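>>> Sequence and predicted structure are below.
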Amino acid sequence: MSKYNNYKKYEDFDVEDLLADEFFVQWVKSPDENNSHFWEKWLSSNPNKRGIVTQAANFARAIHYKEKLEFGNDSYIEIYEAILNSDSEIQIASPKRTLWKSFFSLRNIAAAILLSFCSFVLFSVFNKDLLTPNSEIEWVTSVNPGGKKTIIGLSDGTKIHLNSNSEITYPEVFGDSIRTVFLKGEAFLEVEKGIRPFIVELANSKIEVLGTSFNVNQSIDNHVEIALLEGKVKVNDKIGNQVMLAPQEMLVMKNNGEFFKSSFDSLEVIGWKDNYLIFNNDDFKTVESKLRNWFGIDIEVKGTFKNSWKYTGKYYDESLENVLKGIELTSDIRFRIDGKKVEIYN
């Protein structure tokens, strides 16, 4: 295989160049952990090229190639090590292109006509994200209102606990490439191990895993907390920052771009999926927010609560009334329940 070149060479590729590139076509036709890792990283660094790559990938899926595209194990190892070990400069082997380029060069005029004719059709048919390799994949969106939690089983065996006031979109059946879901709100994921990476897309970041258990909580203002129970995850934000998490580590990503790691209490962070409602020295605003989210209620607050007001308590599968009575016993509050409306005063 020819010597390694900077992976930025792909920045100048057009659709025809990509179709003539063995490494690209193999990723589309026969995705695996190695080539998927490279192209995912390349796309995250070159988001402006996603449209061209999507179009080329759709054409590649529609074309029957007589040659079976294969890279030797040594080549894969070199590519993979280059991806993992480099920082801003990633080195890959320059794929062989002679046969493929000549094939397409002989048909330049036909290809141009074909591209022009099919672009509109393919844009309409293949309007899914590039990470959905099969145009026939049907997407499912599950939405939980306040007070509702659900458990969702994915086609690969992954189990998702979706919290209240949360939404997740996932394929009805995963394709042959990367497993991708889109999350808003909070979920605990038990990802089935496999060679295909599992991607959780958030508003301003994404989480990549192979098999692990972790909790993701993304607030409305895009404050994100990722707590890893077991396994290993890699988190990428939209500006290129990358963080690896080990078990019992939490990554906090503020909406101003700041982020840091910390330890976490498993029951406090993940207990919600087992019906534990935890308050840990919470101020009144936090307690109010947790009650709204947990029980799906409207709260009217009468009076004022000092910044020094704090509450700590643990409840397992308790009713709204019992939780409010517990808070009332140790705090300066009173309450009145009327169906889904609660009045809190002091």
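Arrived safely, thanks for sending. Numbering: from 1, shown residues only.

>>> quick one: low-confidence ranges for the stretch 51-200 of the chain?
61-136 (pLDDT under 70).

>>> at 50 instead, please
The stretch 51-200 of the chain contains residues with pLDDT under 50 at 65-135.

>>> Can you get me the start-to-end distance on stretch 9-19?
Stretch 9-19 has an end-to-end distance of 15 Å (Cα to Cα, to the nearest Å).

>>> go on, stretch 234-253?
Chord length of stretch 234-253, first to last residue, is 13 Å (Cα to Cα).

>>> ok, now stretch 270-282?
Using Cα to Cα, one end of stretch 270-282 lies 17 Å from the other.

>>> Need the contact partners of that stretch.
149, 161, 163, 186, 188, 215, 227, 229, 265, 267-268, 286-287, 290, 294, 310-318, 323 (Cβ atoms under 8 Å, 6 or more residues apart in numbering). Any C-beta I mention is one placed from the backbone N, CA and C, and that applies to glycine too.

>>> Geometric centre of this structure: which residue is closest?
In the chain, the residue lying closest to the centroid (Cα atoms, centre = their mean) is residue 200, at 1.5 Å.

>>> The closest residue to that one other than its chain neighbours - how many residues pack around it?
Closest residue to residue 200 apart from its sequence neighbours, by Cβ to Cβ, 6 or more residues apart in numbering: residue 207 at 4.2 Å. By other Cβ atoms under 10 Å, 25 other residues sit near residue 207.

>>> Likewise for residue 205?
Neighbourhood size, residue 205 [other Cβ under 10 Å]: 23.

>>> who's in contact with it?
Applying Cβ under 8 Å, 6+ apart, we find residue 205 in contact with 224, 235-238, 253.

>>> Just the helices from this structure, written as ranges.
All helices of the chain, identified by DSSP state H, fall at 15-19, 22-29, 33-45, 50-62, 73-85, 98-105, 108-125, 266-270, 284-295, 320-330.

>>> With only the CA atoms kept, save the fourth one in CSV.
Provided in CSV are the C-alpha atoms of helix 50-62 (Å, rounded to 0.1, in the frame of the first residue of the first chain):
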residue,chain,number,x,y,z
ARG,A,50,-21.5,15.9,4.7
GLY,A,51,-23.8,16.6,1.7
ILE,A,52,-21.2,15.4,-0.9
VAL,A,53,-20.4,12.3,1.2
THR,A,54,-24.1,11.5,1.6
GLN,A,55,-24.7,11.8,-2.1
ALA,A,56,-21.6,9.7,-3.0
ALA,A,57,-22.6,7.1,-0.4
ASN,A,58,-26.1,6.8,-1.8
PHE,A,59,-24.7,6.3,-5.4
ALA,A,60,-22.3,3.7,-4.1
ARG,A,61,-25.1,1.7,-2.5
ALA,A,62,-26.9,1.7,-5.8
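
>>> Next, the angle from it to helix 33-45.
Here helix 50-62 points in a direction 150 degrees away from that of helix 33-45 (axes from the mean of the first three to the mean of the last three Cα atoms, to 10 degrees).

>>> Show me where the stretch 201-346 of the chain has its strands.
Using DSSP state E, counting those that start in this stretch, the strands found in the stretch 201-346 of the chain span residues 205-209, 213-218, 224-230, 233-237, 242-245, 249-253, 259-263, 276-282, 298-302, 311-316, 334-338, 341-345.

>>> Tell me which other helices or strands the last one touches.
Looking back up the chat, that one is strand 341-345. Helices and strands touching strand 341-345, by 3 or more Cβ pairs under 8 Å, 6 or more residues apart in numbering; DSSP states H and E, are strand 298-302, helix 320-330, strand 334-338.

>>> quick one: residue 254 and residue 223 touch, right?
Yes. Look at residue 254 against residue 223 with Cβ atoms under 8 Å: they come within range, at 5.9 Å.

>>> how close does residue 216 get to residue 18?
Here residue 216 is placed at a distance of 33 Å from residue 18 (Cβ to Cβ, to the nearest Å).

>>> how about stretch 253-260: buried residues?
By 16 or more other Cβ atoms under 10 Å, the buried positions in stretch 253-260 come out as 253, 259.

>>> I'd like the distance from that stretch to the chain centre, please.
Stretch 253-260 sits 17 Å away from the centroid of its parent chain (Cα atoms, centre = their mean, to the nearest Å).
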